[in-house]
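Student: Below is the sequence, then the predicted model.
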Amino acid sequence: MTSLSVLDQFGPEILLLICDQLYGIAPESLPRLRLASRKLNEIAMPYIWRNVTLRKDILEISPHEFVKHAVRMIQLHGRHVIIKSVLDWDLVAGFMTKCRYLQTLTWRNGCHSALGTCFPERLKKVLEESPNLGLNVAYCGYKSDYIVNLFHDGPIEVASAVRSFPAANLLSFTVSILAQSGPVNNLQEFLAASTRLQTLRFESMDRFLPDGGRLPPIKALTLPYWDDTSESASRIWDFSLLEDLEISWSGFRQFLKAVSPEDLGKLKRFRVDDTSWEPQSSLLDKSKFETELFTEQLETLLKGRNDFQELDIRCLLSLFDMSLIAKQGQSLRVLTILDLAGFEMEGIFPTMSLSDLKILQQSCTRIAKLDIGINVIGNETISFLNIIAGFRNLDDLTIYIQSRLSEDTIDDIVEDIDLQSAMDIKNALVPLKCGVPFSTLRINVGGWRKAGPRQRRNDWNWDRRRTQGKNPERLFIVERNHEDYLLFREHRNWFQKPWPSSD
């Protein structure tokens, strides 16, 4: 509490800025902060009531004073209302109209449609009467615009759930296309009419039509794949304001072919969906031209830019101009830098050079999250770790290494040598760390992934060894707990067996 009492010496303007920052990055700390003093309590209290999940006991008249007080505070300070359960929509509408500073309503429906298929008409009316009020749809399951008619000629058009949402209020929208067997005209028309839309996430999708309407310029986009040509993309999508892109690995390669870097001038963050990224045995077996072309496309995207905040670089590192990353300087916060070859094969695999890594450490000093590959075979491991430990603001690190299990020796090995490699990295890296200590350190062995083993080690011999616990793909995690201790553990998929005991 002594350290908190020091804050009480600041003026209200400074404390207001502190609370505003905490509200954005760690809102859970505000209830504790307000206990430090009366001054902090008065300043922090409005932030505590800004976000509220509506419940039945809040909406109905209650004899309890603490409930009445909560209702008054929400109506006075509430900015963002969240709905996760079925309520009396008339009561919800009345409550929302009494919240004088209300900015957004979040409709948090689950994949099982706990809130029903369609948005309530009563809430839609409230939003339409309040054009400045924004709507966030956390999930919408979309079915085909048409169903097959077994008794008449041609399909029958069915009511679409998206039509129940007020397009003019929509700020963010997450959609999954369910059992798609026909056109998605209604969805495309709805999104095209959502002129305030800023965030669009597709959990699954189907192709839009070039003549179906152009979507508004959005700021954040998540795509499970990409199948548009440059011509159709220009008629469907507007990327002039796009800042954040998350896309599948295969989709990203096609995306860069279809979309010009000039159309992505505002892009600040892009990342590849890890669940879809395969080590590129399939890509490397294709023409060398294709892999080189993709590397060149990534370079073109970065040329002339110095303001990227997050980069996900997976290419032929031997051909990539690393200076393009270093030029992002103080803007860069998150970086993934991995070679297309992956980490599944035996022997040494391509990584950044030590000199390039040192330049990156000196140029991009604000990197807080880094995913990078290093070799535990060879004589450069310690040198890599020394440089990585010098990233002063780095607190979240994932290191990719190859498994030391080989086809020739695995059946005779008793010692868990991959566990030993992970322990050696942790023991060497943590004491060397400068600046901010690690909060999370992951050591990914052999290209471990949630979906299971990589394709390059999927023959029956390796399957047999996995049943014995000799897995060439593993994930070790070092995490700092609430008592500030680093805990080491192995994360295993449900089908993974532990390393066999030597007893």
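Tutor: It's in.
Student: From the structure, what's the count of residues near the closest residue to I337 other than its chain neighbours?
Tutor: Distances taken as Cβ to Cβ, 6 or more residues apart in numbering place I313 nearest to I337, at 4.9 Å, with adjacent residues excluded. Bear in mind the C-beta positions are built from the backbone N, C-alpha and C, glycine included. If you count neighbours by other Cβ atoms under 10 Å, I313 ends up with 23.
Student: Show me what the helix or strand encompassing I313 packs onto, helices and strands only.
Tutor: Under the criterion of DSSP states H and E, I313 resides in strand 310-315. Strand 310-315 sits against strand 269-273, helix 288-302, strand 334-339, with contacts defined as 3 or more Cβ pairs under 8 Å, 6 or more residues apart in numbering; DSSP states H and E.
Student: How far does that strand sit from its chain's centre?
Tutor: Between the centre of strand 310-315 and the centre of its chain there are 14 Å (Cα atoms, centre = their mean, to the nearest Å).
Student: what is the mean pLDDT for it?
Tutor: Averaging pLDDT along strand 310-315 gives 93.
Student: the inter-axis angle of it versus strand 334-339?
Tutor: Strand 310-315 runs at 0 degrees relative to strand 334-339, counting by axes from the mean of the first three to the mean of the last three Cα atoms, to 10 degrees.
Student: coming back round to it: pull the contacting residues for the residue nearest to I337.
Tutor: Taking Cβ atoms under 8 Å, 6 or more residues apart in numbering as the criterion, I313 is in contact with L298, F320, I325, L335, T336, I337, L338.
Student: Now the element after the strand holding I313, going C-ward?
Tutor: helix 323-326.
Student: buried set for that following helix?
Tutor: By neighbour count with 16 or more other Cβ atoms under 10 Å, helix 323-326 contains the buried residues L324, I325, A326.
Student: Those into TSV, with extra columns for pLDDT and distance to H64?
Tutor: Shown next, in TSV, are the buried residues of helix 323-326 (pLDDT from 0 to 100; distance: Cβ to Cβ, whole Å):
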residue	pLDDT	distance to H64
L324	97	61
I325	97	57
A326	97	60
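Student: any idea which helix or strand carries L200?
Tutor: With DSSP H and E as criterion, L200 is part of strand 199-204.
Student: Spell out the secondary structure type for A138.
Tutor: Look at A138: counting by DSSP: H, G, I helix; E, B strand; the rest coil, its state is strand.
Student: Spatially nearest residue to it, not counting backbone neighbours?
Tutor: R108 (4.3 Å).
Student: so the one you found touches K84, yeah?
Tutor: Yes - using Cβ atoms under 8 Å, R108 is in contact with K84, at 4.6 Å.
Student: what is in contact with these two at once?
Tutor: L115.
Student: Counting neighbours, what do you get for the closest residue to F438 other than its chain neighbours?
Tutor: Distances taken as Cβ to Cβ, 6+ apart place D395 nearest to F438, at 5.7 Å, with adjacent residues excluded. D395 has 19 neighbours, counted by other Cβ under 10 Å.
Student: can I assume D395 is in contact with T440?
Tutor: Yes - counting by Cβ under 8 Å, D395 does reach T440; the two are 7.3 Å apart.
Student: Quick check: PyMOL command selecting the buried ones in the contacts of I313.
Tutor: For the buried members of those, the matching PyMOL selection, counting by 16+ other Cβ under 10 Å, is:
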select buried, resi 298+320+325+335+336+337+338
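Student: Rebuild the contacts of I313 as TSV, extending it with distance to A44.
Tutor: Below are the contacts of I313 laid out as TSV (distance: Cβ to Cβ, whole Å):
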residue	distance to A44
L298	44
F320	47
I325	40
L335	35
T336	36
I337	40
L338	42
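Student: since we're on the closest residue to D211 other than its chain neighbours, how many residues are nearby?
Tutor: Spatial nearest neighbour of D211, chain neighbours left out: R235 (7.6 Å); criterion: Cβ to Cβ, 6+ apart. As a burial measure, R235 scores 16 neighbours (other Cβ under 10 Å).
Student: Find the helix or strand that R235 is a member of.
Tutor: Going by DSSP H and E, R235 is in helix 230-236.
Student: Report the next helix or strand after that helix in sequence order.
Tutor: Counting by DSSP H and E, what follows helix 230-236 is strand 244-248.
Student: Figure out how far the helix or strand just after that next one is from the centre of its chain.
Tutor: Using DSSP H and E, the helix or strand that directly follows strand 244-248 along the chain is helix 249-258. Offset of helix 249-258 from its chain centre (Cα atoms, centre = their mean): 18 Å.
Student: what's the answer for stretch 257-275, then?
Tutor: 15 Å.
Student: Which residues belonging to it are considered buried?
Tutor: Buried-residue list, stretch 257-275, by 16+ other Cβ under 10 Å: A258, V259, P261, D263, L264, L267, K268, R269, F270, R271, V272, D273.
Student: Switch the residues you listed over to TSV; also include pLDDT and distance to A220.
Tutor: Output for those, formatted as TSV (pLDDT from 0 to 100; distance: Cβ to Cβ, whole Å):
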residue	pLDDT	distance to A220
A258	93	19
V259	95	16
P261	94	19
D263	95	16
L264	96	13
L267	97	11
K268	97	10
R269	97	9
F270	95	11
R271	92	12
V272	87	16
D273	80	14
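Student: okay if I get these as CSV plus distance to E483?
Tutor: Formatted as CSV, the buried residues of stretch 257-275 follow (distance: Cβ to Cβ, whole Å):
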residue, distance to E483
A258, 50
V259, 48
P261, 47
D263, 49
L264, 44
L267, 40
K268, 36
R269, 33
F270, 37
R271, 32
V272, 35
D273, 34
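Student: Pick the one among the residues you listed closest to P63.
Tutor: R269 (49.7 Å; Cβ to Cβ).
Student: pull the CA atoms of the helix or strand harbouring L441 into PDB?
Tutor: Secondary structure assignment for L441, by DSSP H and E: strand 440-445. Taking C-alpha atoms only, strand 440-445 is exported to PDB below (Å, rounded to 0.1, in the frame of the first residue of the first chain):
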ATOM      1  CA  THR A 440       6.400 -16.200 -20.600                       C
ATOM      2  CA  LEU A 441       9.100 -18.300 -22.400                       C
ATOM      3  CA  ARG A 442       8.000 -21.000 -24.800                       C
ATOM      4  CA  ILE A 443      10.300 -23.600 -26.300                       C
ATOM      5  CA  ASN A 444       8.800 -25.200 -29.300                       C
ATOM      6  CA  VAL A 445      10.600 -28.400 -30.200                       C
END
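Student: Determine the next helix or strand in the C-terminal direction from it.
Tutor: helix 460-467.
Student: tell me what that next one is packed against?
Tutor: If you count contacts as 3+ Cβ pairs under 8 Å, 6+ apart, helix 460-467 packs onto no helix or strand.
Student: Tell me the strands beside the strand holding L441, with direction?
Tutor: strand 396-401 (parallel), strand 474-480 (antiparallel) (DSSP bridges).
Student: May I see the ones you listed arranged in JSON lines, with mean neighbour count and mean pLDDT as well?
Tutor: What follows is these, written out as JSON lines (neighbours: other Cβ atoms under 10 Å; pLDDT from 0 to 100):
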{"stretch": "strand 396-401", "mean neighbour count": "22", "mean pLDDT": "96"}
{"stretch": "strand 474-480", "mean neighbour count": "19", "mean pLDDT": "93"}
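Student: mind listing the strands for the stretch 51-200 of the chain?
Tutor: Assignment of strands within the stretch 51-200 of the chain using DSSP state E, counting those that start in this stretch yields the ranges 51-53, 80-83, 104-107, 134-142, 146-147, 156-157, 170-177, 199-204.
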